[in-house]
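Chemist: Have a look at this fold, sequence not included:
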C-alpha cells in the first residue's frame, strides 16, 4: 500500500492513527476507551460534515443496539482527552438533537508521521471563544424580569455573597469529608466513625433575611456532595428541610431522621465581609465533633473562590478516591449559579403556569450566562417535561427538548449525576425506554450511591415494568434516607394499594397527610383503598376531601358509579373531560375501564399513549384496568410500550 494512501491525521498537537488505533499528543499516547476512539476516528474521517447520532451509533456499535447516552459519554470522554472545554468548540461541535461535527482541520500526514511527530496550529470553524459549542443561537434571557435593573447594588452584593457560598460549600464538604474519612480509619477506642448524617438548613443571620434560596442551595449541595460516599447514610433534602427554623433538640432530630450526627450552621454578611459557621454534632449527646468558621473579605471574590475550591477539591479527591466516587459537578460563575438556584427553587413551588414560567426563565438565564454548566441543562429538562405534562407546551415538543437538554447535561459533565437522572426521567415517563433508563440510573448510582432520588427513580422503573414488590422495596429504602418526604409516602401508599396490601397502604397515606395536610392525591388514594374494600361511604367522604380538583372528579366518577348514582358519576366524568383531558387522559380511561366500557377505555388509553401521559407507567399494575387485561388490545398496547404482557 503506498505511503500516501495511509491514514494518519494531524490536528493541533495531536496525531491520530486509525490503523494502529493510537492517539498521541506531542508524541505521548493519550488514553481513550476503544469505543471513544472509534467515535473520534469516525468524526475525524468526516471532518467538516455533521455526523448524525444514528450514523455514529451504526459506525461505532455496528452489531449492537445501544442507547444514545453511550454516545454522549464518548463525546465527553473525547473532549476531556483533547483538553477541550465544550464551550470552546476547538475540535467538536454539537448540533443539538441531531449529531456532531469535527470542526478542526485534520490533515493526512502519513508521510510526515513516518519520520517525526506532527505539530501545528489547527484552523477551526468560525466560532468565537465565548460562544457555546452548539450550532444554534443563544436563548436570550429577560433579565429585567428578575429585578436586576431596579436593584443593581443589592444584586452585586448578593452575587458576591453567592460566590462565597458556592466556594465555601467546597471547603465545608472537604473538611467534613476529611474528618469522616479519618473517623472511619480510627479504632473504637478513639473518636467513633460517622455512619449517618443529616445536613440541616443553615440559619440566615443576614439583616435583610433575603438569602434563603442561596442557603437552600448551599445546604443541598452539601447533601449531594456527602451522598457520593457509599458508606455514609445521608438524609435527603426534603426531610432535612422539615427542621428549617425549628430549634429542635438534636436528640429528637437524630431519632426522627435516624442519624448519628448533624451538620448545621449559619450564614451572615455585614458590609464587605461574609461569615459562615459550620459544625458537626453527635445527636445522642450533643458532643461537637468538628466546627469551623470562615470569615472572608470581599475584594477579589473569584480569586478567593478559586483558592478555596482548589483546597477543597484536593481534600475531596483524597477522601473520595477511597470511596470510588467521581469528580464533583463544577461550580459556575456567580450570576449563572444564582439563576440556577432560583430555577430550582421554583421547581419545588408547584405546577401552575406562573411558577413554571418563572422556573423556565431562570433556567434559560443560567444557560445563557454559562452554557457549560450541566446542572442548569438538567433542571431545564425537568421543567420542560413538566410543562409538557400539564399542557403548557405541546407535549411532543416539550419532551423532545427535555431529552435533548438531559443529553446535553451528560455531554457537558459525564461525572455528574444530574444529567443521568434527568435523562432517566424522560426515558421512564416519555420514551418508555426501559433498558436505557436502567443504564442511566446505574450510572447515576455509581456517581452518587447515597441518593434517595435515585432509589425513587428505580422504584418508578420497576413499577412501570410491573415488578411491583421490587418497586415497593426501592421506595421503602428511599424513605429510610428521606423519611419526612410526604410524596414518597404517597407513592408508597399507591404501590401498596396496587399490590392489595390495603392496611399498609392506609398507614402510608395517613403518614403523607400528617407530613403535609394540604398535599393533593392522598385523600384520593385513601378513597381508592376504601373503594376496593367496599367501604363506599368512607370512600366518597375521602374523595370529597381531596384538594386536587382533577383527582376529586376522578374519585367521584368512580365512587358514584359503584353507589349506582350514574347521573352524579357522569357529571363528574364530564367535568373531568371538559377541564383536564389534556393531562388526565389516562384517568379518564381508568373510569371507563372500571365501568366495563372497554371500547371507550381503549380509546382514551390510545390518546394517553399518543400524549405520552405519565399515567401510562401504571398500565401493568393498575387495579382499575383489571377488566381490560384479557382483551387482545391490552396485550397490543403493552407491547407497543416495550413491556411484556
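Modeler: Thanks, I have the structure now. Computed from a predicted model, the values in this text were never measured in an experiment. Numbering: from 1, shown residues only.
Chemist: right, and the helix or strand after the helix or strand where residue 216 lies?
Modeler: Element membership for residue 216 (DSSP states H and E) is helix 212-226. Downstream of helix 212-226, the first helix or strand assigned by DSSP H and E is strand 233-234.
Chemist: partners of that following strand in the sheet?
Modeler: strand 196-199 (parallel) (DSSP bridges).
Chemist: Pull the distance from the helix or strand following the partner strand to the chain's centre.
Modeler: Using DSSP H and E, the helix or strand that follows strand 196-199 in sequence is strand 203-204. Put simply, strand 203-204 sits 26 Å off its chain's centre (C-alpha atoms, centre = their mean, to the nearest Å).
Chemist: Kindly report the same for stretch 42-61.
Modeler: For stretch 42-61 - counting by C-alpha atoms, centre = their mean - the centre lies 29 Å from the chain centre.
Chemist: Also stretch 567-581?
Modeler: Worked out by C-alpha atoms, centre = their mean, stretch 567-581 lies 35 Å from the chain centre.
Chemist: My understanding was that residue 355 contacts residue 346; is that so?
Modeler: Yes - proximity of residue 355 to residue 346 meets the contact threshold set by C-beta atoms under 8 Å, at 5.5 Å. The C-beta positions use only the backbone N, C-alpha and C, and glycine is treated the same way.
Chemist: The two: which is more packed in?
Modeler: More neighbours surround residue 346 than the other of residue 355 and residue 346, with 22 against 17 (other C-beta atoms under 10 Å).
Chemist: looking at this, the more buried one is in a helix?
Modeler: Yes - applying DSSP: H, G, I helix; E, B strand; the rest coil, one finds residue 346 inside a helix.
Chemist: Would you check that my belief about it contacting residue 353 is correct?
Modeler: No - contact criterion C-beta under 8 Å: residue 346 and residue 353 do not qualify, at 11.8 Å.
Chemist: List the buried residues for the helix or strand hosting residue 365?
Modeler: In this structure, residue 365 sits in helix 353-369 according to DSSP H and E. Across helix 353-369, burial judged by 16 or more other C-beta atoms under 10 Å covers 355-356, 358-369.
Chemist: So which elements touch that helix?
Modeler: If you count contacts as 3 or more C-beta pairs under 8 Å, 6 or more residues apart in numbering; DSSP states H and E, helix 353-369 packs onto helix 334-347, helix 374-389.
Chemist: Averaged pLDDT, the longest one. What do you get?
Modeler: The one in question is helix 374-389. Helix 374-389 shows a mean pLDDT of 94.
Chemist: buried set for the strand or helix carrying residue 396?
Modeler: Assessed by DSSP H and E, residue 396 sits inside helix 395-412. Neighbour counts over helix 395-412 (16+ other C-beta under 10 Å) mark 395, 398-412 as buried.
Chemist: quick check, nearest of those residues to residue 340?
Modeler: residue 409 (11.9 Å; C-beta to C-beta).
Chemist: can you tell me the distance between the two ends of stretch 234-247?
Modeler: 21 Å (C-alpha to C-alpha, to the nearest Å).
Chemist: Pull out the buried residues from it.
Modeler: In stretch 234-247, counting by 16+ other C-beta under 10 Å, buried: 234-243.
Chemist: now stretch 63-79
Modeler: So, applying 16+ other C-beta under 10 Å, buried residues of stretch 63-79: 67-79.
Chemist: With stretch 544-551 instead?
Modeler: Going by 16+ other C-beta under 10 Å, stretch 544-551 has these buried residues: 546, 550-551.
Chemist: So what pairs up with residue 108 in the strands?
Modeler: Counting by DSSP bridges, residue 108 forms beta bridges with residue 9.
Chemist: who's in contact with it?
Modeler: Residue 108 is in contact with 7-9, counting by C-beta atoms under 8 Å, 6 or more residues apart in numbering.
Chemist: Equivalent analysis for residue 405, please.
Modeler: Contacts of residue 405 (C-beta under 8 Å, 6+ apart): 377-378, 380-381, 384, 422.
Chemist: how much space between the closest residue to it other than its chain neighbours and residue 388?
Modeler: Distance criterion C-beta to C-beta, 6 or more residues apart in numbering; nearest residue to residue 405, sequence neighbours excluded, is residue 381 at 3.9 Å. Here residue 381 is placed at a distance of 11 Å from residue 388 (C-beta to C-beta, to the nearest Å).
Chemist: that older thread, with distance to residue 528 as added columns, please give the helices and strands packed on helix 353-369 in JSON lines.
Modeler: As requested, those are exported to JSON lines (distance: least, C-beta to C-beta, whole Å):
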{"stretch": "helix 334-347", "distance to residue 528": "28"}
{"stretch": "helix 374-389", "distance to residue 528": "21"}
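Chemist: re earlier: pick the one among the contacts of residue 405 closest to residue 202.
Modeler: Each of the contacts of residue 405 was checked against residue 202 using C-beta to C-beta; the closest is residue 378, at 23.9 Å.
Chemist: from what I can see the closest one touches residue 417, true?
Modeler: No - with contact defined as C-beta under 8 Å, residue 378 does not count as touching residue 417 (9.0 Å).
Chemist: Next, count neighbours for residue 596.
Modeler: Counted with other C-beta under 10 Å, the neighbours of residue 596 add up to 10.
Chemist: And the pLDDT for it?
Modeler: In this model, residue 596 is scored at 96, pLDDT.
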